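>>> here you go, sequence then predicted model.
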Amino acid sequence: RKEVEQDPGPFNVPEGATVAFNCTYSNSASQSFFWYRQDCRKEPKLLMSVYSSGNEDGRFTAQLNRASQYISLLIRDSKLSDSATYLCVVEAAGNKLTFGGGTRVLVKP
Amino acid sequence: NAGVMQNPRHLVRRRGQEARLRCSPMKGHSHVYWYRQLPEEGLKFMVYLQKENIIDESGMPKERFSAEFPKEGPSILRIQQVVRGDSAAYFCASSPSLVLSGNTIYFGEGSWLTVV
């Protein structure tokens, strides 16, 4: 089983719609969780951290479920510029970030 | 304040040649990480270095790959006798402190290696 698993997509989303997707992780000792965004042939960039209580940043909402070992990202009112690959990132001990394979989102007019 | 600088951005090598990828961390950062991203895949950790020390190389292939971060100068990822399967994007990242966190790591723009 992969340490961090994501549905690769693509998720085809009409502009203005809501899209949500999950990421599962295998290491129950994982300490911190993040969503990164990566555009085609660019470096990954931090989108948001994921807190136990859930957190929101504008149109983006992240949730963490430690019992079931998954995190989720929800995007409301999708914009064309939201088209990207969203990487789930899990941090365990030892200064190492483990990346999921990414979920591709395509927002269409 | 310059970000993480990687060069070359694009590199083409014939099978059997050597590839050297350089990474200068952000000013004040002494921790460097290398990640590899194969086409259509996520980033895979390769190695974590501090100045003059390799801290964790658990993601490095056992042969042909090496990394260093000398006291002076950039970190270098070296791939000897490249093969087609080495074609990938190689991302360097740096952080300012021992405690790495996903929100304190900064990535360079990557070096795209193509082996022909």
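Received it, and whenever you're ready, just let me know what you need.
>>> is stretch A:87-102 positioned near chain B?
Yes: on the criterion C-beta under 8 Å from any C-beta of the partner chain, stretch A:87-102 is in touch with chain B at A:Leu87, A:Val89, A:Glu91, A:Gly94, A:Asn95, A:Lys96, A:Leu97, A:Thr98, A:Phe99, A:Gly100, A:Gly101, A:Gly102. (Each C-beta comes from the backbone N, C-alpha and C, glycine too.)
>>> first to last residue in that stretch, what's the distance?
In stretch A:87-102, first residue to last residue: 4 Å (C-alpha to C-alpha, to the nearest Å).
>>> please apply the same query to stretch A:42-56.
Start-to-end, stretch A:42-56 (C-alpha to C-alpha) is 25 Å.
>>> neighbouring contacts of it?
Stretch A:42-56 is touched from outside by A:32-38, A:57, A:60-64, A:66, A:71, A:73, A:86-87, A:99, B:43, B:91, B:102-103, B:107-110, with contacts defined as C-beta atoms under 8 Å, 6 or more residues apart in numbering or on different chains.
>>> now the strands for chain B?
All strands of chain B, identified by DSSP state E, fall at B:5-7, B:10-13, B:19-24, B:31-37, B:43-50, B:53-56, B:65-68, B:75-79, B:88-95, B:106-107, B:111-115.
>>> JSON lines for these, including mean neighbour count?
Conversion of the strands of chain B to JSON lines gives the following (neighbours: other C-beta atoms under 10 Å in any protein chain shown):
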{"stretch": "strand B:5-7", "mean neighbour count": "18"}
{"stretch": "strand B:10-13", "mean neighbour count": "15"}
{"stretch": "strand B:19-24", "mean neighbour count": "20"}
{"stretch": "strand B:31-37", "mean neighbour count": "25"}
{"stretch": "strand B:43-50", "mean neighbour count": "22"}
{"stretch": "strand B:53-56", "mean neighbour count": "14"}
{"stretch": "strand B:65-68", "mean neighbour count": "18"}
{"stretch": "strand B:75-79", "mean neighbour count": "21"}
{"stretch": "strand B:88-95", "mean neighbour count": "24"}
{"stretch": "strand B:106-107", "mean neighbour count": "20"}
{"stretch": "strand B:111-115", "mean neighbour count": "19"}
